[in-house]
Every structure is written in C-alpha cells, then in structure tokens.
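Asker: My questions are about this predicted structure, shown below with the sequence.
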Amino acid sequence: MSRFKSSTMDADLEDVFGNQVPELHEAAAGPDASPALARALELRSFLALTEEQVARVRDRVRADMDPDRDMGELSADKLRFDAQWLEAALDARDGYRAALGELLRTMPPPDQRARPVRTTQLRATATLPPSAAPAPQRAGAARARRP
C-alpha cells in the first residue's frame, strides 16, 4: 500500500512531470526541486484529503439509507447536516481541482527550471565632439547684470 493517498488528478501530475507520484514527492524534497512541483504536490495533498472527506460523507449517507436498515433510525436533521457537509467538501474539491489544473496548464515546461540570470552592465564608449554636447544652462556663464 502506498503511503500517499491517491487523487483524481494524479495522472495529470504524472503526465506533466513525467514520474509517478511517490517519485515526484522524492524529487520535491531535493535541493533542486522546482517551485511549481512543490506547489503542485501541496495542492494535490489538499485535493486528496478533500476527496477522502467526500468519500466518507458519501459512504455515511449510503449506510444511513441502506434498505435493510430500520426506518426508525432515519434522521432528517442528520441527513441535512450530511448534505451541508458534502456540499462544503465538494466545493473545496472543485476549488483544489481548478487551482491544480490551472497551475499545470500555466507552469513552464519541467525542463525549463528557473535559473539565475546573469546581466552585464553595458557602458557607452563613444564620446561626442565638444560642439555636439549640450552645455547645461548657466554652466560657467556669468550672470549678466541688468541696468
């Protein structure tokens, strides 16, 4: 049994990053891990947890509605609460799926990792002839007196 719970987007992650989820977790723990991989796995873990919550509520409602169960045990309040719980869990699941899907669509390809950019300071080496260089106003000029 895997130590990671599966999620409905595992295949998408594996397609984009080119490895199985356990290997992706190992890569994310390494010093050269891409920020996109770390974020994707974080969203994936939230998604897996939320999907587990959805499944728990679904299973609880199924058990409560089992045809062999005593009808006297049915509780409208309990079912209403489970419906609210399920709605919240489904909203969270949809949000995590959307966020993870957007991240996978917009991130740079895995082989293009962020690298430090080296820039060099360019310097102008040409000089202007003295007649072409504009002189600042009042540079070296004596102030004329008005009579």
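Answerer: Done, it's in.

Asker: start to end distance for stretch 60-71?
Answerer: Using Cα to Cα, to the nearest Å, the span of stretch 60-71 from its first residue to its last is 15 Å.

Asker: Please identify the buried residues of it?
Answerer: Across stretch 60-71, burial judged by 16 or more other Cβ atoms under 10 Å covers no residue at all. Every C-beta, even on glycine, is put in place using the N, C-alpha and C of the backbone.

Asker: can you give me the offset of it from its chain's centre?
Answerer: How far stretch 60-71 lies from its chain's middle: 40 Å, per Cα atoms, centre = their mean, to the nearest Å.

Asker: Need the contact partners of it.
Answerer: 73, 74, 75, 78, 79, 82, 86 (Cβ atoms under 8 Å, 6 or more residues apart in numbering).

Asker: closest to residue 52 among the residues you listed?
Answerer: residue 86 (12.9 Å; Cβ to Cβ).

Asker: what's the burial count for the closest one?
Answerer: 17 (other Cβ atoms under 10 Å).

Asker: Next one: it, what pLDDT does it get?
Answerer: Listed pLDDT for residue 86 reads 95.

Asker: Quick check: it touching residue 54?
Answerer: Yes. Using Cβ atoms under 8 Å, residue 86 is in contact with residue 54, at 6.8 Å.

Asker: for this structure, what spans make up the helices?
Answerer: 10-17, 21-29, 35-64, 76-106 (DSSP state H).
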